[in-house]
Each structure stands twice: as structure tokens, then as C-alpha cells.
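> Predicted model and sequence below, questions to follow.
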Number of protein chains: 2
Amino acid sequence: MEHKQQGKQSVRFEHPPVISGHASVVGQKEGEGPYGSYFDVIEQDPKVGGQTWEEAEGKLQEKAAKLAIQHSGFTQDDIRYIVAGDLLGQLMASSFGLMTLQKPFFGVYGACSTMGESISLAAMLLDGGYADHILALTSSHFASAEKQFRFPLGYSNQRPKAATWTVTGSGGVVLSSPDKAKGKVVVRGITTGKIVDYGVKDTMNMGACMAPAAGDAIAAHFSDFKSSPEDYDRIITGDLGKVGKDILIDLLEAKGYDIRKQYMDCGIEIYDEEQQVQAGGSGCGCSAVMLTGYILKKLTSGEWQKVLFVPTGALLSVVSFNEGNSIPGIAHAVLLEHVDHCK
Amino acid sequence: MEHKQQGKQSVRFEHPPVISGHASVVGQKEGEGPYGSYFDVIEQDPKVGGQTWEEAEGKLQEKAAKLAIQHSGFTQDDIRYIVAGDLLGQLMASSFGLMTLQKPFFGVYGACSTMGESISLAAMLLDGGYADHILALTSSHFASAEKQFRFPLGYSNQRPKAATWTVTGSGGVVLSSPDKAKGKVVVRGITTGKIVDYGVKDTMNMGACMAPAAGDAIAAHFSDFKSSPEDYDRIITGDLGKVGKDILIDLLEAKGYDIRKQYMDCGIEIYDEEQQVQAGGSGCGCSAVMLTGYILKKLTSGEWQKVLFVPTGALLSVVSFNEGNSIPGIAHAVLLEHVDHCK
């Protein structure tokens, strides 16, 4: 059998799955940010025509799912599996939002690393021959997340400088077998993260919770692929924000890797300074919409040839937090390549 | 490429992954039930040495994980991935319980169908060549589930006849590549469920919520494998309970399948009438401990040659319920075979 296991925690795909379609749906605030023109749909109604915040988030997923399928050139019938999840308890947004698609469904939870987890699993299922086309997606919504994790919106709590703003948005990709589809971006490899806990307990400083997991996954990726930061056009984390960024750079420097030149964080990018989001954007939707709205376009055009996409998750629960537990992190790295440069 | 996709929503493994080790850890009540002597560990302390119910559930998972690895004859170092989840918001039990194992981690959520989902994904990842050994597991705990989904224990609410009792327990299996391990039970195939919603809104009648999803997955399995109920020694659902059982039998009869002779439900089996659990046991742990404690022993001995194991999940959230939503269901079928009869 062809050797697929790469190092200790990675996979390298010899015939890599193709991203045949992708779509991004965001809220008004994200549409007003510096990347607004890149997103496919900007929803002006914060409830997306629904009755509740959870329903709104589900509708974001449904829209992103259908648009990604449309962009792939395939039909809903061609999709064999959906791999999806969200931040909400019991994956409410995915369960209700994706029900109408009536597809075999794998629910996943990796907090804000979910886009990395869903793409990783989808890529292996495709490459293994278990499907020709798989939809991988995730979402978050500012209001449903605040309601679940922090305070009701009406309470108008103050936000410290290390706090992040949960992105309202959903991003979805259709991954296809290279025998069945063409596309300019492929998933060349994955590095699956471990749960890493440095003992941080501050829910208003998620970047510090997640940075160690990101550092762990990125270092594992370099080691497994025998690569170094210079081999990538960009190394892009999900939502570490300004505080997490500095920690990550320091942690990787201590391991001998200087990622300053290649580094970018979706959470820092997605909003402008004037949008008053403190440390940046966060949520599963943050990296998902930046991937599907911006990063994949740069890779498709060939401006970027090789990107390490590393969504980062804080395994935070209100219950575990209130019981005094720390907030462990996890990060899943996905190696994306422009297809002309695949060896 | 070898054809692995079987029908519309199934996979058949030509060289099926082997169950090289498995373990069950249960609480006192489960230990006092009719299957008590089958379980590996019966915990007398409801908090399993922890401070909180969530920590207790995490410790159940940790124990089941380590024991399953020990029983497999392999070591923690040999395990490449963990695929695990639980009922709690943001997978608290898995995140905290399995952190010490320090393994690349895929968090999954399928409500009480999680054991079916985790085995399905693990089987494909193994068969695809991405790992030699994977640990798949899940758990539930009566107290953490009641706290999250229903009432605080101290409230002493009454329980209607259709209510089920969340099993305290965790079951884990080590799946191994057939090139790397021997074992008498293999995962011959999987049928991945869709989210099915018949509009039931009663949190005290989870069986009715899940039965349509179970019926859908089982009928899809028969169709994809061109099989009928007589081809199986047992068809075993997770936790439909007494109410759900009758609905499932009726639904499948309407589709032309009479499963009465082969049918068994882990939720109905796990407790005695005298244990006052109304419609039966439930929770991710219910099917997980019945699988690892009892079903796999029957398959190992060869008394059963072929079992369709169908954990069933109710995609219930307190928030979605309080917002007036129905409770959709999902079920994932796993075809287990005694190895001498594999063709």
C-alpha cells in the first residue's frame, strides 16, 4: 500500500483531493470590514430571516452549503457526505441548518478549529475512495455565541482588550476526488492536532488559550513534512488575535522556527481597527469565511502557491469554565497547494 | 481502485478493520443490572474520584480508553488517532478526559449515535491507510446529562413512562488495520445516517424522536447491502427504549422488513424492570458499554456471526427545545462480523 502516513501526526496525499467549489456567507459587520468585497453573500438581516439566533446561524450554513455545491458545478445529488459542526451545544446550527440537504452526516466538534477538522476528515474519506464529493463546512454567529458562552446581548457588558468578536458567517467547501473534478487548489496534506492545555482560564483571552495548540500543530507539521517556514507563502491561523499571535510567534521561535514573514491570522485580518473588536475576530466562521472568501482565491490565482491553513479552537464550555477548569486548545493544520506546483 | 462505496450511503470493507481491543466502564446502577457481570469495571463512586459530574464522565472515558488499549495488546504509542465525543456541550468529557493521552484528536458529535459515528470514521481512516490503530470511544453520565438536558438532581422531578435513564458509562474500542492485528470481530461495513425529523418535541420521549432515524438507516443498510433481516443474528439499536422499539418495528414493517426476530435494543436490555428506569437506558454510553461489554463478546465467541449495530441519537439541545424546535434524530449503522465467516 502507498505510504500515506507522514511522520507522527500527518498525512500526505499523493493524489490530493481537489477543492471543486467553495462559498462564504457573512453578516453585515464582516461585510463592512476590509475583506467585504471578497465574500459571496453579505446578509443584512442578523437573523437571516429566522426567529432565533441559532436558527439564523443554521441558515448561514444552509446558504453556504448550497452555494458551495453550486460553485462546484456538481449537484446536491453528487454529494455523498457532509462533515460539519459549529460552536453551539449539540451542534444546533448544523443539525437544523443542514437537515434539509438530507445527506449522510458526520457531526464534528473542534471549537473554532472545526473547518480544519472537517476538511481533514473529508480529505481522508475522499482519498480513501469512500466518496467522490464531500461538503465540509462550519459557522459561527456573534449573537448565538455570546448568548451561549458569555453574556446576553442586552446586558451590554464591557469587553477587555484581549477579547475577540465572534464572526457571523459560514464557509463551506466541496472537496472532490481528483478523478472526478478539476480545480486549482488541492489539499496536499493534513496535520491533526492534539488537545493542549497551558492552564489559561480567561474566557476573554482565547488567543492565549489557543496559541500553544497552534504552535504544537505547526511545529508537528514542519517536523512531519521536513519543511520550514520559508517553504510556505503563508502560514495562517484561525483566530488567535493580537494577543495569541505574539504568543504563537514566541513559542515557535523557542522551537527554532521564525514564522514572522509568512504569518497571518484570520482573526486579526477580518475586521478594521475602527470596528472596535479589541483583539480581533473569532469563531468557527472566522477562518471558514476567510478561507472560502479570500485565501482560496489567492491560491486559485496562483499568487499564493502553498499555504498552511491552521484553524484554532478553544475547547471552552460555560460549565467547565464555571467549575474552574482551564481552557484547552486544539488546532488542525491543512496544507493547501495551487495545483500547477504539485509535484 | 477497489470499489468501496456500497449503494447510496454505505461502505463495504473488503479487508475489514479488526477490533483488536475493547473495554467497558460503568456506574453502580449499570453494574447492578442484568449485564453487570459482563462489564470490565464497575465504578462505585459516582464522581469517579473527580470533583464534578463532568470530570467524573471524563474519567470514565480515560479509564475505558486506557483499558481498551491494554486489551488490544498494543500501547498508547501505537494509537495514531482518537475519534471521540460525548453528549455534553463542547464535548467536555472527551476534551478533559482524553487530554492526558496526547493523541491527534477528532472530536465528533452524534448525540447517542456517537459510538456508531466514531467507529465509522475510524474504520474508514484505518482502511484508507491513514493509521494502523485508532481508538474510538464515547461516554455518558446520568448526572451530567440530567444537569445539562433536564433538571438538577436535587429538584427530584417525576419521570413519565416514556422517559429513559442516561447510562453512566464509557465504552472504547481499538480498531486496527488487518495487516497489523488479529481479532475475531471485524467492521465489515457502515451505513451513515441522515438527520431525520418527524417533528416530535417531547424531551421525555426520546425513543419517538430517534426511531425514524433508526428506521431510515436500517432500511438504507438493507437496500445498500441487498440484505434482509434474516441475514443478521441481531439488529441492535442504541437506546430507543420500549416506546421507540414499537415505532421502529412499525416503520420498518411499512417498508417491508420484519425485524422482530433479530431485534434488540441496548436501552431496553441494560436495566432490570425493578430498577425503575421507565422506558429504558439511554445516552452515548448505553450502546457503547453494551457493545464493548456484551455484544463484542457474543461476536468473539462466534455465538453471533453477524450483527448490525445501530446507535441512535436525538439531536437535542436545551436551547433548541426551549425555542420550540422539534428533536431530530440520527443513527449510524455498523456491520460487525465474526471473522471466520468473512467471505
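Everything's here; your move. Numbering: from 1, shown residues only, chains lettered A, B, ... in the order given.
> what's near enough to touch the residue of the stretch 51-200 of chain A found nearest chain B?
Closest approach between the stretch 51-200 of chain A and chain B, counting by Cβ to the nearest Cβ: A:G128, at 2.8 Å. (Each C-beta comes from the backbone N, C-alpha and C, glycine too.) Residues in contact with A:G128 (Cβ atoms under 8 Å, 6 or more residues apart in numbering or on different chains) are B:4, B:124-125, B:127-130.
> hmm, try it at 7 Å
Residues near A:G128 by Cβ atoms under 7 Å, 6 or more residues apart in numbering or on different chains: B:124, B:127-128.
> Now do the end-to-end distance for stretch A:261-279.
20 Å (Cα to Cα, to the nearest Å).
> try stretch A:307-320
From its first residue to its last, stretch A:307-320 covers 34 Å (Cα to Cα).
> Then stretch A:319-327?
End-to-end distance for stretch A:319-327, by Cα to Cα: 11 Å.
> quick revisit: any idea how far B:S177 is from the residue of the stretch 51-200 of chain A closest to chain B?
Separation of A:G128 from B:S177 (Cβ to Cβ, to the nearest Å): 13 Å.
> likewise A:N322?
42 Å.
> now the worst-scoring helix or strand of chain A on mean pLDDT, how far from the centre of its chain.
In chain A, no helix or strand scores lower on mean pLDDT, DSSP states H and E than helix A:318-322, which sits at a mean of 87. In this view, helix A:318-322 has its centroid 24 Å away from the chain centroid, taken as Cα atoms, centre = their mean, to the nearest Å.
> For that helix, name the packing helices and strands.
Counting contacts by 3 or more Cβ pairs under 7 Å, 6 or more residues apart in numbering or on different chains; DSSP states H and E, helix A:318-322 is packed against helix B:92-97.
> Next, the residues that contact the helix it packs on from outside, please.
Against helix B:92-97 from outside (Cβ under 7 Å, 6+ apart): A:195, A:315, A:317, A:319-320, A:325, A:328, B:54-55, B:57-59, B:61-62, B:84-86, B:107, B:139.
> try stretch A:58-78
A:20-25, A:40-41, A:48-50, A:79, A:84, A:93-94, A:96-98, A:100-101, A:132-133, A:135, A:137, A:139, A:141, A:169-174, A:176.
> Looking at these, which are in strands?
Using DSSP state E, the subset of those located in strands is A:20-25, A:41, A:84, A:133, A:135, A:137, A:139, A:169-174, A:176.
> quick one: the helices in the stretch 51-200 of chain A?
Along the stretch 51-200 of chain A, counting by DSSP state H, counting those that start in this stretch, helices occupy A:53-72, A:92-97, A:114-127, A:142-149.
> and of those helices, who's closest to A:K297?
A:K297 lies closest to helix A:53-72 among the helices of the stretch 51-200 of chain A, at 11.9 Å (Cβ to Cβ).
> Pull the distance from the closest one to the chain's centre.
With Cα atoms, centre = their mean, you get 15 Å for helix A:53-72.
> Just the CA atoms of that helix, as CSV, please.
In CSV, the C-alpha atoms belonging to helix A:53-72 read as follows (Å, rounded to 0.1, in the frame of the first residue of the first chain):
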residue,chain,number,x,y,z
TRP,A,53,-30.0,33.4,16.7
GLU,A,54,-29.5,29.7,16.5
GLU,A,55,-31.8,29.4,13.5
ALA,A,56,-30.0,32.4,11.9
GLU,A,57,-26.7,30.5,12.2
GLY,A,58,-28.3,27.4,10.7
LYS,A,59,-29.5,29.4,7.8
LEU,A,60,-26.0,30.8,7.2
GLN,A,61,-24.8,27.1,7.0
GLU,A,62,-27.6,26.2,4.6
LYS,A,63,-26.8,29.1,2.3
ALA,A,64,-23.1,28.4,2.3
ALA,A,65,-23.7,24.7,1.7
LYS,A,66,-26.0,25.3,-1.3
LEU,A,67,-23.8,28.0,-2.8
ALA,A,68,-20.6,25.9,-2.4
ILE,A,69,-22.3,23.0,-4.2
GLN,A,70,-23.5,25.3,-6.9
HIS,A,71,-20.0,26.7,-7.4
SER,A,72,-18.5,23.2,-7.6
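> what about A:N322 and B:S177, which has more around it?
Taking neighbours as other Cβ atoms under 10 Å in any protein chain shown, A:N322 and B:S177 compare with B:S177 leading, 19 against 10.
> so what's that one closest to, chain neighbours aside?
Nearest non-adjacent residue to B:S177, counting by Cβ to Cβ, 6 or more residues apart in numbering or on different chains: B:D132, 4.8 Å away.
> ok, how many other residues are close to the one you found?
Neighbour count for B:D132, taken as other Cβ under 10 Å: 18.
> just to revisit the earlier point, arrange the helices of the stretch 51-200 of chain A in a markdown table, one row each, with mean pLDDT as further columns.
Formatted as a markdown table, those follow (pLDDT from 0 to 100):
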| stretch | mean pLDDT |
| --- | --- |
| helix A:53-72 | 97 |
| helix A:92-97 | 94 |
| helix A:114-127 | 98 |
| helix A:142-149 | 90 |
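> Turn the ones you listed into a markdown table, columns for distance to A:L248 and mean neighbour count.
Output for the helices of the stretch 51-200 of chain A, formatted as a markdown table (distance: least, Cβ to Cβ, whole Å; neighbours: other Cβ atoms under 10 Å in any protein chain shown):
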| stretch | distance to A:L248 | mean neighbour count |
| --- | --- | --- |
| helix A:53-72 | 28 | 25 |
| helix A:92-97 | 28 | 30 |
| helix A:114-127 | 15 | 29 |
| helix A:142-149 | 22 | 21 |
